[in-house]
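J.: here you go, sequence then predicted model.
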Amino acid sequence: MSRARLRLDQVARRIGGPRVLALPLLRTLAVLAGFVWVLLAPADVRGWGPVQRVLLAFFLYSMALMAALWRWPRRVLRLNRFVLAVDLTFALLLIAFTGGTRSTLFLALLLIAGLQSYYYGVGRGLAVALAAVAAYLVVVWPTIDQIEWANTVIRLVMLIGTAVGVGILAHVEESERKDAKERWLQVLEASYLRDLLDRHDGNISAAAKAAGIDRKTFHRLINKYQLR
């Protein structure tokens, strides 16, 4: 295993596992995307303006949040609703300062709603998506014209659809993970029972005593796994 992979595994274990590791990685990607946007920004928004100030604040906030996640992972993860509110605020400010309905930074809302569905279930993801829809309409209302109405409706439908779709996929993934874990535990249990029977020459009473369970329970387990 490469040194980089080992380091990544260490970080994942430190903050709560591979699923949690995705959060700081995605936040880092968002920060990098912000810097790229500044470098490629149109001439009318270059310089030190509202967009740059919000991006700087988001960068500092993200660095502090990731440092806190490393130092106090469980405590920070319990603040997920606060983090959600702050992230939505930053996203909506950037949308407002970069063109309203014409802003491609609307994509940040898709990411936020999708992550909420993935980590906390489709119900919460849908609630976040609906709240984001209402807030987005308030922010972009002054910039909506006749043509932009169609684009706006499509964006909002995609936002809700993303929350629902990701939530369903996450539920399926979680069910499959639990099924796989259950099957693996059954394999281990069957192997353990088979080994006990082999060591005691098929004597169920002796094997049950070695396992620390009564003979009836042991007999039921070997029938369950068809070991005799």
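T.: Looks like it came in fine. Numbers count the residues shown, from 1 in each chain.

J.: where does the chain have low pLDDT?
T.: Applying pLDDT under 70 to the chain picks out residues 1-2, 4-5, 8-12, 14-17, 42-47, 146-147, 228.

J.: how is it divided into domains?
T.: 3-170, 178-224 (automatic domain parsing).

J.: JSON lines for those, including mean neighbour count?
T.: For every residue, glycine as well, the C-beta is placed using N, CA and C. Converted to JSON lines, those look like this (neighbours: other C-beta atoms under 10 Å):
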{"stretch": "domain 3-170", "mean neighbour count": "16"}
{"stretch": "domain 178-224", "mean neighbour count": "13"}
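
J.: helix or strand right after the longest helix anywhere in the chain?
T.: Counting by DSSP state H, the longest helix found in the chain is helix 146-199. Counting by DSSP states H and E, the next helix or strand C-terminal to helix 146-199 is helix 204-211.

J.: that following helix relative to helix 146-199, how many degrees between them?
T.: Helix 204-211 and helix 146-199 meet at an angle of 120 degrees, taking axes from the mean of the first three to the mean of the last three C-alpha atoms, to 10 degrees as the criterion.

J.: helices or strands up against helix 204-211?
T.: Other helices and strands packing on helix 204-211, by 3 or more C-beta pairs under 8 Å, 6 or more residues apart in numbering; DSSP states H and E, are helix 146-199, helix 215-224.

J.: in JSON lines: the ones you listed, plus distance to Trp48.
T.: As requested, the helices and strands packed on helix 204-211 are arranged in JSON lines below (distance: least, C-beta to C-beta, whole Å):
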{"stretch": "helix 146-199", "distance to Trp48": "29"}
{"stretch": "helix 215-224", "distance to Trp48": "70"}
